[in-house]
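Undergrad: make a model of this:
(one chain, ligands or ions: 1)
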Amino acid sequence: MDEDFPQIMTEYKAKVGAQDALLLVSPEHNQSFPAGVKNALDILTRGGTNELQGLKLGITGASPGRFGTINGQSQLRQFLPPLGVKIMGAPLLAVQVGKDTFNDDGTADERTTGRAQEYMEAFARFIET
Ligand SMILES: Cc1cc2nc3c(=O)[nH]c(=O)nc-3n(C[C@H](O)[C@H](O)[C@H](O)COP(=O)(O)O)c2cc1C
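TA: Reported below is the predicted structural model:
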């Protein structure tokens, strides 16, 4: 199976391999991260190369549930380090999306925007170190 990887997967792996860092933003499905996210990560470990090795990763997400992706994020933090990923530990950003979280123009409310800004500033520092 690894020998005849579809071209689209090879291209995707090459694109990820060319990055120093990635920000994984995910919703939550049944107290976990969606299956598609797992597939996308698994592909990076097959085909003879592991693009997760040494990759700096931020993990965040938004969902309507009470814990706003915190469970899914925890599970990602559990299985990714043994694959060589360097995960930013803090701050955490798990957004519970309510009816007033996003405005009609796509911007977020002041609190969410502030939290996202702090997160991105920390992520930039994490990448530079
Ligand atoms: C199968 C499934 C399970 C979900 N489980 C959760 C969950 O456990 N916690 C949560 O906050 N949201 C959950 N959601 C809501 C999603 O996180 C997401 O907010 C919702 O699907 C809207 O996003 P979409 O328009 O991209 O589908 C679930 C959605 C689906 C489809």
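
Undergrad: for the ligand, see how far away the closest residue to residue 16 other than its chain neighbours is.
TA: Distances taken as CB to CB, 6 or more residues apart in numbering place residue 51 nearest to residue 16, at 4.5 Å, with adjacent residues excluded. The C-beta positions use only the backbone N, C-alpha and C, and glycine is treated the same way. Distance check for residue 51 against the ligand: by CB to the nearest ligand atom, to the nearest Å, it reads 25 Å.

Undergrad: and if you look at residue 94?
TA: Distance from residue 94 to the ligand, counting by CB to the nearest ligand atom: 10 Å.

Undergrad: now the strand or helix carrying residue 71: mean pLDDT?
TA: Using DSSP states H and E, residue 71 falls within helix 70-79. Averaged over helix 70-79, pLDDT sits at 98.

Undergrad: now do stretch 3-12
TA: 89.

Undergrad: got the buried residues for that stretch?
TA: For stretch 3-12, the neighbour count (16 or more other CB atoms under 10 Å) marks 5, 12 as buried.

Undergrad: give me the distance from it to the chain's centre.
TA: Computed by CA atoms, centre = their mean, to the nearest Å, the chain-centroid distance of stretch 3-12 equals 21 Å.
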